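Q: Give me a model of this one.
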Amino acid sequence: MKKIRGTEVSVNLTSRHMSRSTNGAIDPKVVEAIAALKSFPMNKPLTIDIQDKIDLLINSDVCLSPTFFFDKDARPSKLVVLEMVSQAELGAQMWEALRDDGAFDFLEGLHPSNQSNYTSEIARIVAVFALCTIGEDEFSKLPLQAIHAVVDYFRSDNGRRWRGELWGVGEAGFQCMREVVLSLARIRDDPTLAEKSGQDREDVGALGRTKRAWAVMCASADPLNQELTRRYADYDQIATDSPAARKQMVLDLRAYFDCVGAHGTLAEILGQKDRKTTYQDFLAGRVGKVTNYVMRNAGQARRFVDFVIEQLEEENPGAVFYSLVTQRDLDVLKNEVEDTQSKRKTTASRPLPGKLHAIAKAILDEGEDGWPGQSGYFHEFVEIRGKRRKIYCPVIPTLLRTAMDLPLRMVQLRRLDSGEGDLEMFNGDAMKWEPNTSPLAGYWKRQKGAK
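A: Have a look, this model is predicted:
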């Protein structure tokens, strides 16, 4: 549990529920209440017993883990979460402030059948602010640092996207987070919160990851990182292989030094002859086996380290330095790779190049707030409450996105039944079938010859 500096507020963003007054240990009765709330059936009205357990939890000094609300395999009932938010003073005040600011206005543009799902997502988000923090019940006095800490929990490690694993497939959670964070930014007059509301397109593939990691390394104040990047800049003037592969090799070298506990300057590290793990074994352990990548990376490391050793010998006359990879090591790797190579039994080709394939998926995942919704190509006119409105229709983007993952032809995808013309539809929150309120309900029954 993290205490916000200069305040009495603590935030629990760990995977465990914690008690503030007993060094983390939780009263057994509260543990039992948490388990009962988590397992309460989705389609069942709240009982007096469940409401009592909610009161017990809220009046305790327990700070829940966000995993209580964002466990994809065992989500709590929507009714339980809404009741928890309304009974927690901080949750009720935050909900009211968001509503007054207009954070929920976007729900009016949704089909009634979707509004329940989106409201459920908003309730889970607000619940993290209300029940995973402790020490302040007034929303207006909740420290801005605490708000940022919770928002950061929902962001990816690089801070550029929402954590997809919290919601899985679909844009409902992303849109709800965006609206909540933008509203918080307006309420608190904090532009830096607004900057955390977006869903940027990621640098795709290994190249994007290398770019980000290399930028972090170059900006690091760590002396070893600074020496590695400085000597790499010299080596870069004469090297002829791929710059991206060379940079990845230097990043791997840095990780290797951490793995074997090698610290200090390169002169000190390369002055040691015996190491408990060789560089090539370190690479093979990360990959899972000896591959062409391991062999190429080890060769690049040998050339780079030999270059560095030449510099070190000029700077330290008489000193002895040892390379990380020898020519014999490379010969052994080459033999291992040749012995394990096998021919593919399936094709690896795609209609799109790999990089464009990943970019196209990222663009389609942006949903209504991104290119699919803003391009104007996927809008349809519908009648809502007697008024003709033009709204975003996700059918075609979803069709294209599905084709990115499933080996189906378009003609097969077009024949998948959406269920819009059925008499009943399944309510995922209540886990039961309900009358279909869609304008197309009963379409098939009305068709001539339909059974």
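
Q: next structured bit after the worst-scoring helix or strand of the chain on mean pLDDT?
A: Within the chain, no helix or strand scores below helix 205-219, which has a mean of 72 by mean pLDDT, DSSP states H and E. Sequence order places helix 223-235 as the next helix or strand after helix 205-219, per DSSP states H and E.

Q: and the lengthiest helix in the chain with helix 223-235, angle?
A: Across the chain, the helix with the greatest residue count (assigned by DSSP state H) is helix 292-315. Relative orientation of helix 292-315 versus helix 223-235 (axes from the mean of the first three to the mean of the last three Cα atoms, to 10 degrees): 90 degrees.

Q: quick one: Gly264 and Lys276, what's the gap?
A: 17 Å (Cβ to Cβ, to the nearest Å). In this view, the C-beta of every residue, glycine as well, is placed from N, C-alpha and C.

Q: what's the answer for Ile396, then?
A: Taking Cβ to Cβ, one finds Ile396 at 57 Å from Lys276.

Q: who has more neighbours, those two?
A: Neighbours per residue, other Cβ atoms under 10 Å: of Ile396 and Lys276, the larger number sits with Ile396, 13 against 8.

Q: what's near enough to touch the residue positioned nearest the centre of the chain?
A: Nearest to the mean C-alpha position of the chain, by Cα atoms, centre = their mean, lies Arg163 at 2.3 Å. By Cβ atoms under 8 Å, 6 or more residues apart in numbering, the contact list for Arg163 reads 154-156.

Q: ok, now Phe307?
A: Phe307 neighbours (Cβ under 8 Å, 6+ apart): 231, 234-235, 238.

Q: Need the per-residue pLDDT for it.
A: pLDDT, Phe307: 93.

Q: quick one on the thing from earlier: make a PyMOL selection of the buried ones in the contacts of Phe307.
A: One line in PyMOL is enough to select the buried members of the contacts of Phe307, burial here meaning 16 or more other Cβ atoms under 10 Å:
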select buried, resi 231+235
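
Q: With distance to Leu57 added, can I get the contacts of Phe307 in CSV?
A: Output for those, formatted as CSV (distance: Cβ to Cβ, whole Å):
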residue, distance to Leu57
Arg231, 57
Asp234, 61
Tyr235, 59
Ile238, 65
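
Q: Check whether Val325 sits in a helix, strand or coil.
A: Classification of Val325 using DSSP: H, G, I helix; E, B strand; the rest coil returns coil.

Q: any weak-confidence spans in this protein?
A: For the chain, residues meeting the criterion pLDDT under 70 lie at 22-24, 157-159, 168-170, 200-210, 338-355, 415, 417-418, 448-451.

Q: Got phi/psi on the residue of it positioned farthest from its centre?
A: In the chain, counting by Cα atoms, centre = their mean, Gly318 sits farthest out from the average C-alpha position, at 51.6 Å. With angles defined as degrees, to the nearest 10, Gly318 sits at phi 90, psi -20.

Q: Against Cys259, how distant is it?
A: In terms of Cβ to Cβ, Gly318 sits 30 Å off from Cys259.

Q: same check, this time on Ser86
A: Using Cβ to Cβ, Ser86 is found at 50 Å from Cys259.

Q: again, but for Asp61
A: Taking Cβ to Cβ, one finds Asp61 at 41 Å from Cys259.

Q: likewise Phe129?
A: Phe129 is 39 Å from Cys259, by Cβ to Cβ.

Q: out of those two, which sits in the busier spot?
A: Taking neighbours as other Cβ under 10 Å, Phe129 and Cys259 compare with Phe129 leading, 24 against 15.

Q: dump the residue contacts of the spatially closest residue to that one that is not a sequence neighbour.
A: Excluding the flanking residues, the one nearest Phe129 by Cβ to Cβ, 6 or more residues apart in numbering is Val150, at 5.4 Å. Applying Cβ under 8 Å, 6+ apart to Val150 gives the contacts 11, 13, 128-129, 132-133.

Q: Next: His111.
A: Going by Cβ under 8 Å, 6+ apart, the list of residues near His111 reads 384, 438.

Q: got it, and Ala74?
A: With Cβ under 8 Å, 6+ apart, Ala74 has these contacts: 38-39.

Q: Regarding it, what is its secondary structure?
A: coil.

Q: which residues touch the strand or helix carrying Val332?
A: Assessed by DSSP H and E, Val332 sits inside helix 327-340. Under the criterion Cβ under 8 Å, 6+ apart, residues 278, 280, 289-292, 294-295, 298-299, 302 lie in contact with helix 327-340.

Q: So of those, which two are at opposite extremes in space?
A: Largest separation among the contacts of helix 327-340 by Cβ to Cβ: Lys289 and Arg302, giving 20.3 Å.
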